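Undergrad: Sequence first, then the predicted structure:
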Amino acid sequence: MKLSNPSEIKALLTRHGFEFQKKYGQNFLINEAVPKKISWSSLPEGIEKCACLEIGPGIGVMTVELSKLYSKVCAVEIDTKLLPLLNETLSESNNVEVINCDILKLDIAKTVKEKLDGMPCVVCANLPYYITTPVIMHLLESGYPFENITVMVQKEVADRLTSLPGSDEYGAITAAVSYYAKPRKLFNVTAGNFMPRPDVTSTVVRLDLYKTPPVEVSDEKVFFSVIKGAFAKRRKTLLNSMSGEFPQIPKEKLLEIFNLCGLSGGERGETLGINHFADIANKIVDMNL
Ligand code: SAM
């Protein structure tokens, strides 16, 4: 069966009485070249035996490609109605295990260790766009040392993930992700490559995870609160924006901290990089505030 052929897909869906669920962000790929290219883009260099965690296999068009490249694939699908279809389409892919659950509720590190034998592992997915950012953060915060996370996302999200401080696209998610990984835009995929057709253009991004974070942070919780605070009120000064997140710290004390970090407090949070956020967070911890 050709899983990227629209008429064969329609026949498969009809045979199983399957209907697309908009709430699950179901836009399936219908151009064979695309899942192949995404799968190949996720391959890490110099690793002989590697596993893959796929999020949202749909009818398995990319899963089949991944199963050819990786020793083992674990595919997490929320929609129970897709299980009988996957059973059929993956019947010859013996190294694939499908787990029926919500990726956001899955204990990532435990699952990868158990299902993928703790092998070096990548994440590869055509992500459902309604939960792109929470999924990426859930993967990064799991602490699992993935080789890379290669995902197709909405073009605007890819622009945000790869933007630089001071640009319009730069936001809390950009700063948070840059603590864990180096993001790279790989290529765009136009709406005509999906069924049903989405309203947006998509972009494949690859996040290469750092073995050690690029900045030293003494308390990650405080560090992420600083990022949250700095972006809480866009276009407001750093001092105004941050004081909402840290109401227990008097404004004069915050100003003192900013000065110690070489800042005036009059800057806008969205112009600062993670080195500044780490500096501020470490001072807050040092001063026991
Ligand atoms: N990989 C397939 C492809 O490229 O054709 C389908 C991609 S489609 C954009 C997103 C997939 O993610 C759907 O199969 C959807 O049911 C699944 N999904 C949506 N929310 C999910 C969640 N929270 N956890 C796991 N899978 C989810």
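TA: Received the coordinates, thanks.

Undergrad: ok, residue 49 touching residue 118?
TA: No. Assessed by CB atoms under 8 Å, residue 49 is found out of contact with residue 118, at 11.1 Å. To be clear about C-beta, it is placed using only N, CA and C from the backbone, and glycine gets the same treatment.

Undergrad: what's the helix or strand for the residue of the chain lying at maximal distance from its centre?
TA: Distance to the chain centre peaks in the chain at residue 252, reaching 37.5 Å (criterion: CA atoms, centre = their mean). In the assignment (DSSP states H and E), residue 252 maps to helix 251-260.

Undergrad: quick revisit: which residues does the residue farthest from the centre of the chain contact?
TA: By CB atoms under 8 Å, 6 or more residues apart in numbering, the contact set of residue 252 is empty.

Undergrad: Please report how far it lies from residue 243.
TA: 11 Å (CB to CB, to the nearest Å).

Undergrad: Next, count neighbours for the residue in the chain that the ligand sits nearest to.
TA: For the chain, the residue closest to the ligand is residue 56, as judged by CB to the nearest ligand atom, at 2.0 Å. The criterion is other CB atoms under 10 Å. On that basis, residue 56 has 23 neighbouring residues.

Undergrad: For residue 187, see how far away it is.
TA: For residue 56, the distance to residue 187 - CB to CB - is 20 Å.

Undergrad: same question, residue 178
TA: 21 Å.

Undergrad: for residue 156, same thing?
TA: 16 Å.

Undergrad: what's near enough to touch the residue lying closest to residue 42 once chain neighbours are set aside?
TA: In space, and not counting its chain neighbours, residue 42 is closest to residue 150: 3.6 Å by CB to CB, 6 or more residues apart in numbering. Applying CB under 8 Å, 6+ apart to residue 150 gives the contacts 38, 41-42, 122-125, 186, 204-207.

Undergrad: tell me which parts of the stretch 101-250 of the chain are close to the ligand?
TA: Within the stretch 101-250 of the chain, the positions adjacent to the ligand are 102-104, 126, 128, 131 by CB under 6 Å from any ligand atom.

Undergrad: Domain boundaries for this structure, per the record?
TA: Domain assignment for the chain by automatic domain parsing gives 6-209, 220-286.

Undergrad: Look at the first one and report the distance between its end residues.
TA: Pointing back at domain 6-209 there. Length of domain 6-209, first residue to last, CA to CA, to the nearest Å: 36 Å.

Undergrad: starting at the chain centroid, how far to that domain?
TA: A distance of 9 Å separates the centroid of the chain from that of domain 6-209, by CA atoms, centre = their mean, to the nearest Å.

Undergrad: which stretches of the stretch 101-250 of the chain have low pLDDT?
TA: Across the stretch 101-250 of the chain, nothing is flagged by pLDDT under 70.

Undergrad: ok, residues contacting stretch 117-124?
TA: Contact with stretch 117-124 is made by 38-39, 42-44, 47, 49-55, 62, 66, 70-72, 112, 139, 144, 146-151, as judged by CB under 8 Å, 6+ apart.

Undergrad: go again using 7 Å as the cut-off
TA: Stretch 117-124 has contacts (CB atoms under 7 Å, 6 or more residues apart in numbering) with 38-39, 42, 44, 47, 49-55, 66, 71-72, 112, 139, 146-150.

Undergrad: Next up, the contacts around residue 129.
TA: Taking CB under 7 Å, 6+ apart as the criterion, residue 129 is in contact with 25, 153-154.
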